[in-house]
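>>> fold the following, please.
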Amino acid sequence: MNNIIRWLFQQPRPVKRLISVSLDVVFITIAFWAAFILRLDTSSILHSYKQWLVLAAMLPVTLLYFIRMGLYRAVLRYMGYHATVIMVGGIAVSAAAMVVAAYFFEAKVPRTVPVIYAALALLLCGGARTLARALYNQSIKKLKTPVIIYGAGSSGRQLNTSLLHGSEYRAVAFVDDNPDLQKALLQGLVVHKAEALPSLIERYGAEKLLLAMPVISRQRRREIVDELANLSIDILTIPGMADLVSGKSKVSELKEVSIEDLLGRDPVAPFPELISANIKDKVVMVTGAGGSIGSELCRQIITQQPTSLVLFETSEFALYQIDQELTNLCADKDYKVRIVPIMASVQRQNRLEAVMSAFAVQTLYHAAACKHVPLVEYNVVEGVRNNVFGTWRAAEAAINCGVETFVLISTDKAVRPTNVMGTSKRLAELVLQGLALRQSKTRFCMVRFGNVLGSSGSVVPLFKKQIRAGGPLTLTHEDITRYFMTIPEAAQLVIQAGAMGKGGDVFVLDMGEPIRIVDLARKMIRLMGFEEKTPANPAGEIEIQVSGLRPGEKLYEELLIGGDEAPTQHPRIRTANEISLSWQEMHQLLDELNEACEQYNQAKIRELLLSAPTAFNPQSGICDLVWAENKHQAKG
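Numbering: from 1, shown residues only. Okay, here's the model as predicted:
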C-alpha cells in the first residue's frame, strides 16, 4: 500500500490532476445519489432521468469552479487552509447548482437533499485528500531521521512545520525548560522536560537533537550542551535571530552547534568612537592581510569605510583570496573604499616605505607573523627575522613615512615564553616600546591576546577533521589549557584598543576563563554525535590519544608578565605595565641578533634570546632542523 501511494505521488502533474478530477466525478456522483437514497429511503430514484439531467448539469459547474479556483494546482501533500476553503466553496456552488438545475428540469428534489449532498460531497472529496496525504506522510515517515526539538517556542514550531514538509527529518517530541509548556500538545507532539531526554532518545530512536532557541545567549547555550554531556546524540541548531531577521538564513537551515558559540562569550557592542577613530576616512594598511586575524581585521575595517585599504601580504594565494572577497563586499554593500593588494615581505624596509609613502598610510595594523610554535622551533632564523626584524622594519618605515598609528598584533605566548615564537613576539613588543621612547611622531601600541578559534593551525578545525575521519584525536597533554576567543571579537577589540594607545602601550584583551583542551576535545566528540572510546567504554567510536608536549609548547598560557594591569574605558580591554629597554639597549641587542642570524649561529641566537628581558625559559634544546642535521652529519 505504501509503495502504491508513493508511486501515485511520483507521477507527472497532468496524470495526478486527471486522477483527482476523475475521483471528484465519482465522489460527487456517489454523494448525489446517496443524498436522495438517505432522504427518500429508496433506490428507485436511480431510474429517474430528470435526476440524471440534474447531475449532468451539476458536475461541469462544480469541476469548472474547482479548476478556476486552482484546487487541482494545489500540491496535495502540502494542502492547507486555502485548498480547504476552495473545496467548501465548490461544494456550496455545486449544491446551489443542484437547486437551479432541479428547477430548470422540473425534477423533484426535497429541500434537505442539497444539504445532505453537500455534507457527503465534502466528506468524500475532502476526506479522500486528507486520507491520501496522511497515507503519504505515513509512507515516508520511516524514511525520515527521527529528531527531538529542544525549544517549543515559535522558532521550534516553525522548525517542526518545515520538517513536516521536508524529506530528511521528522520530529518525535518537543523538549522545553518552560514549565507552562511542559505536558502540552503542540502540533501533535508532546512537550517534555529536559530530564526526559535519555528516555525519549531510547523510545523513539532519535538520532539528532535540534536546538530551536536562536535568542538565547552563548552562556545559556553552553550550559544546555553541558547538561546534555552524557547523551551521545548529534546536536544541530537553527541560525541566530540576527540572521533570521535579516533574511540571511531560514529556520529550516540547520547547522552543527558552533564550538565558537560554546567557548566564546556574548560580544560587547563596539564603542563607535573607538571602532572608527583610526579608520573612518583614513588610509589604512594591514600587514599579513591574508591571515586569519589580518583578513578579519580587513573585513571589519571595510565596514568603517576608510578611503583606502592597503593589503600587504607575502602569500600570493592568500592575497588573491582576501582581495577578491573585499572587492566583492565593497560592490555588494556599495562601499566607496579603494582596495590596494600589495605582495611583499615585511622584512624589506625600502618596499614598506615605498608603499606607505605612495598611498599616504595613516593607520597600520601589523598582523604579519610566524605564529606556529613547533614550526618556529624548527626554523629559528626565519621566525626571528619575520617576527622581530619584520616588526622593526615595518615600524621604522612607519616613522619615516609619517604613519600616525601602528598597532602590533601580539600573543599570550609572549608572556614568560618557553619557545622561540613567543620570545620573538616579546622582542617585537620591546622594539616598539623602545621606538615609542625614541620618537613621538608615530604612536605605537601592542595588543596581546590568546588563541582564536578557527585560525590556521587552530586545534578546533584539526579536531573536527580527526573526528570526521573516525579518530583518534591527538592531544599533547591532558592538563594543557588555553585561552580562546572568536576571530571577529578579537579583531574588533584590536581596532578599539589601537584607538586608545598613547605610545608604547601594551593592551591585554579579556579572554575569559582558560579552557582545558581535553575538555574541548570531549565536548566536540559529543557535539558531533559520537562517544569517547575509553577502557571503561570500549564501545565508543572516537579515542583521545596523548602524544606528549611538542617542542616549546607550554601547559598554561598567561596574559601578563608582572600582574600590573589597569582598566581602560572598554570592559574587555586592559592595559599592562611591562618592563622595557631604552632604544640604545634595544638597538645593540638587535645588531647582535642580526649578526647571529646572518652567520646562522644558533648557539648565539639562543644566548641572546636568553639574555634579553623576555623571561625566556626554554623547555628543550635547540630544535632548528638544519642546525640539527648539520650537527648530526658532523658527528657521523
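>>> what's in contact with the host helix or strand of Glu489?
Element membership for Glu489, per DSSP states H and E: helix 487-500. Here helix 487-500 makes contact (C-beta atoms under 8 Å, 6 or more residues apart in numbering) with 264-265, 267, 270-271, 273-275, 277-279, 292-293, 296-297, 299-301, 363, 365, 405, 407, 409, 445, 447, 449, 452-455, 507, 509, 568-570, 572-573, 575. Where you see a C-beta, it was placed from the backbone N, CA and C, and this is true even at glycine.
>>> quick one: which of those residues sit in strands?
Of the contacts of helix 487-500, the ones assigned to strands by DSSP state E are 363, 365, 405, 407, 409, 445, 447, 452-453, 507, 509, 573, 575.
>>> switch these over to JSON lines; also include neighbour count and pLDDT.
JSON lines is the format used below for these (neighbours: other C-beta atoms under 10 Å; pLDDT from 0 to 100):
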{"residue": "Thr363", "neighbour count": "24", "pLDDT": "97"}
{"residue": "Tyr365", "neighbour count": "29", "pLDDT": "97"}
{"residue": "Thr405", "neighbour count": "23", "pLDDT": "96"}
{"residue": "Val407", "neighbour count": "27", "pLDDT": "96"}
{"residue": "Ile409", "neighbour count": "27", "pLDDT": "94"}
{"residue": "Cys445", "neighbour count": "26", "pLDDT": "93"}
{"residue": "Val447", "neighbour count": "24", "pLDDT": "93"}
{"residue": "Val452", "neighbour count": "23", "pLDDT": "74"}
{"residue": "Leu453", "neighbour count": "23", "pLDDT": "70"}
{"residue": "Phe507", "neighbour count": "26", "pLDDT": "90"}
{"residue": "Leu509", "neighbour count": "23", "pLDDT": "85"}
{"residue": "Ile573", "neighbour count": "22", "pLDDT": "86"}
{"residue": "Thr575", "neighbour count": "19", "pLDDT": "86"}
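>>> of the residues you listed, which pair is most distant in space?
Using C-beta to C-beta, the pair of the ones in strands among the contacts of helix 487-500 lying farthest apart is Thr405 and Leu453, separated by 27.3 Å.
>>> picking that back up, just the buried positions in the helix holding Glu489, please.
Neighbour-count burial for helix 487-500, counted by 16 or more other C-beta atoms under 10 Å, picks out 487, 489-500.
>>> Asn387: which of these is nearest?
If you rank the buried residues of helix 487-500 by distance to Asn387 using C-beta to C-beta, Val494 comes first, at 17.2 Å.
>>> and the host helix or strand of Arg426 with strand 405-409, angle?
In the assignment (DSSP H and E), Arg426 maps to helix 420-438. Helix 420-438 runs at 160 degrees relative to strand 405-409, counting by axes from the mean of the first three to the mean of the last three C-alpha atoms, to 10 degrees.
>>> before we move on, the earlier item: so which of the buried residues of helix 487-500 is the closest to Gly471?
Nearest to Gly471 out of those is Ile487 (C-beta to C-beta; 26.5 Å).
>>> can I take it that Met524 is in a strand?
No: per DSSP: H, G, I helix; E, B strand; the rest coil, Met524 lies outside any strand segment and is helix.
>>> which ones are touching it?
Listed by C-beta under 8 Å, 6+ apart, the contact partners of Met524 are 259, 460, 463-464, 467.
>>> closest one to Lys441 out of those, please.
Once C-beta to C-beta is applied, the member of the contacts of Met524 that ends up nearest Lys441 is Val460, at 41.0 Å.
>>> I'd like to know which elements the strand or helix carrying the closest one is packed against.
Using DSSP H and E, Val460 sits within helix 459-468. Under the contact definition 3 or more C-beta pairs under 8 Å, 6 or more residues apart in numbering; DSSP states H and E, helix 459-468 sits against strand 473-475, helix 517-527.
>>> please save the CA atoms from it in PDB.
C-alpha atoms of helix 459-468 as PDB (Å, rounded to 0.1, in the frame of the first residue of the first chain):
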ATOM      1  CA  VAL A 459      43.100  23.000  17.300                       C
ATOM      2  CA  VAL A 460      39.300  23.200  16.600                       C
ATOM      3  CA  PRO A 461      39.400  22.500  12.800                       C
ATOM      4  CA  LEU A 462      42.100  19.800  13.500                       C
ATOM      5  CA  PHE A 463      39.800  18.100  15.900                       C
ATOM      6  CA  LYS A 464      36.800  18.300  13.500                       C
ATOM      7  CA  LYS A 465      38.900  16.700  10.800                       C
ATOM      8  CA  GLN A 466      40.000  13.900  13.100                       C
ATOM      9  CA  ILE A 467      36.500  13.200  14.300                       C
ATOM     10  CA  ARG A 468      35.100  13.000  10.800                       C
END
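>>> buried set for that helix?
459-460, 463-464, 466-467.
>>> Ala521: how many residues sit nearby?
By the measure other C-beta atoms under 10 Å, the count of residues near Ala521 is 20.
>>> quick check, it in contact with Leu475.
Yes: in this structure, Ala521 is within contact of Leu475 by C-beta atoms under 8 Å, at 6.1 Å.
>>> list residues touching both of the two?
By C-beta under 8 Å, 6+ apart, the residues touching both Ala521 and Leu475 are Ile544.
>>> what sits against the spatially closest residue to Phe389 that is not a sequence neighbour?
In this structure, Phe389 finds its nearest non-sequential neighbour in Gln347, 5.9 Å apart by C-beta to C-beta, 6 or more residues apart in numbering. Neighbour list for Gln347: 385-386, 389-390, 393 [criterion: C-beta under 8 Å, 6+ apart].
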